[in-house]
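>>> The following comprises the amino acid sequence and a computationally predicted model.
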Amino acid sequence: MGSAADIRDFLLPDLGKKIGATMTTTETARMVRDINSALHTLLGQQLAEDRSALVRAPLDVTLDVTSGSTAITFSGYASWMLGCTIKIGSTWNRLQKLSTNPSLEQPWLGDSTTGIAATVYQDCVNLDYALESVQEPVKLGSTRIYPVPNKQRLEDVRATRDSSGNLVEAAPQYYLMEDSLSYLQVPATRFQFDTLPTTQQALQFAACLRAPQIADFADTRTFLLPGGRDVEILHPVVRYLFRTFPQFIGDVNEVREDFKQAMQKWSSYSNKGPQPGTLELYGA
């Protein structure tokens, strides 16, 4: 049994129920919501870890294209290519994955061709997890690169590198970090560069990971807080949030005191998140 189920059993007496009792859909949804709210409040963007990802040099490939279609086939395909720019002859396009096979972002407007030469440029990096943010500096190799706030700004930056609108083969100077479902089909973070990297390098960054969340009480993780402090910190915080549920029958004064002590412990914990200002220690 994981930590989520432990919290459920911890809160059941506050509903006048025994451990193992059946819960209503409303009770379950409220508990899950309060667990996730507590995790976000405690951890927020504080789970920062040093991460890196490989950015590859341009790769020459051959592929088959069909006129008027986004469908393509080519040998040597790898998952890192998703979202990357591909130059087919003199035409620029981008690779994506809408089903089991990679495809082009825009339909191929030329003639149907077998074995046409193309080059894949890794101008984006798809992580297999979602970030809340990154801490500066972000480096590609030994060079710092700088963030832009949105796709339009990235396009503006690209235009300053080539007024004709063509992508430029050069060391990137800027990046856009965005959530992307269209390339990996799962919630994940994607770095996109302003230019087409020409050499293999390492992308280095400090990742602010998103607070863990649960979907239901079948979650098997033993601990949800760093250091395994779920019982002494997470349990009281979840109970504090849960106290406003209409069917809550626990001692509200006890709940407030336990919450206060839990937040004091969390504040002094070396891997703590910030003591939240959104929770009122002594409020109703």
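That came in fine, so what should we check first?
>>> in its sheet, what does the helix or strand Ala206 falls within sit against?
If you go by DSSP states H and E, Ala206 is part of strand 201-209. Neighbouring strands of strand 201-209 in its sheet, by DSSP bridges, are strand 47-55 (antiparallel), strand 131-140 (antiparallel).
>>> what are the C-alpha coordinates of it, in PDB please?
What follows is strand 201-209, C-alpha atoms only, in PDB (Å, rounded to 0.1, in the frame of the first residue of the first chain):
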ATOM      1  CA  GLN A 201      26.700  19.000 -27.500                       C
ATOM      2  CA  ALA A 202      25.100  18.600 -24.100                       C
ATOM      3  CA  LEU A 203      22.100  20.800 -23.000                       C
ATOM      4  CA  GLN A 204      22.600  21.500 -19.300                       C
ATOM      5  CA  PHE A 205      20.000  22.900 -17.000                       C
ATOM      6  CA  ALA A 206      18.600  22.900 -13.400                       C
ATOM      7  CA  ALA A 207      15.100  21.500 -13.700                       C
ATOM      8  CA  CYS A 208      12.400  22.600 -11.400                       C
ATOM      9  CA  LEU A 209      10.300  19.500 -11.400                       C
END
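>>> Buried residues, it. List them.
Gln201, Leu203, Gln204, Phe205, Ala207, Cys208, Leu209 (16 or more other CB atoms under 10 Å). C-beta coordinates here come from the backbone N, C-alpha and C atoms, glycine included.
>>> What score does the fourth one have for pLDDT?
In this case it means Phe205. With respect to pLDDT, Phe205 has a value of 92.
>>> if I pick it, what's in contact with it?
Asp50, Arg51, Ser52, Val134, Gln135, Val138, Lys139 (CB atoms under 8 Å, 6 or more residues apart in numbering).
>>> bridging residues for it?
Applying DSSP bridges, one finds that Phe205 bridges with Arg51.
>>> Tell me the residue in this structure that is farthest from the middle.
Asp111 (39.1 Å; CA atoms, centre = their mean).
>>> Does that residue fall in a helix, a strand, or a coil region?
Of the three states, Asp111 takes coil under DSSP: H, G, I helix; E, B strand; the rest coil.
>>> pretty sure it contacts Ser69?
No - Asp111 is beyond contact range of Ser69, at 11.8 Å (criterion: CB atoms under 8 Å).
>>> Can you give me the domain assignment for the chain?
Domain ranges of the chain: 3-44+211-268, 48-210, per automatic domain parsing.
>>> got the end-to-end distance for the last one?
Which is domain 48-210. End-to-end distance for domain 48-210, by CA to CA, to the nearest Å: 9 Å.
>>> Over to stretch 108-118?
For stretch 108-118, the end-to-end distance is 13 Å (CA to CA).
>>> So which residues make contact with the longest helix along the chain?
Ordering each helix of the chain by length in residues (DSSP state H) puts helix 25-43 first. The contact list for helix 25-43 (CB under 8 Å, 6+ apart) reads 4, 7-8, 11, 15, 23, 211-217, 224-226, 233-234, 237-238, 241-242, 245, 247, 266, 273, 276, 278-279.
>>> Looking at those, which are in helices?
Filtering those for helices - DSSP H - leaves Ala4, Ile7, Arg8, Leu11, Val237, Val238, Leu241, Phe242, Trp266.
>>> Now the two most distant members of those.
Arg8 and Trp266 (21.4 Å; CB to CB).
>>> Asn101 is in contact with Asp64, isn't it?
No - look at Asn101 against Asp64 with CB under 8 Å: they stay out of range, at 11.7 Å.
>>> which residues of this protein fall in strands?
47-55, 59-65, 72-73, 85-88, 91-97, 102-104, 113-121, 124-126, 131-140, 143-147, 174-179, 189-193, 201-209 (DSSP state E).
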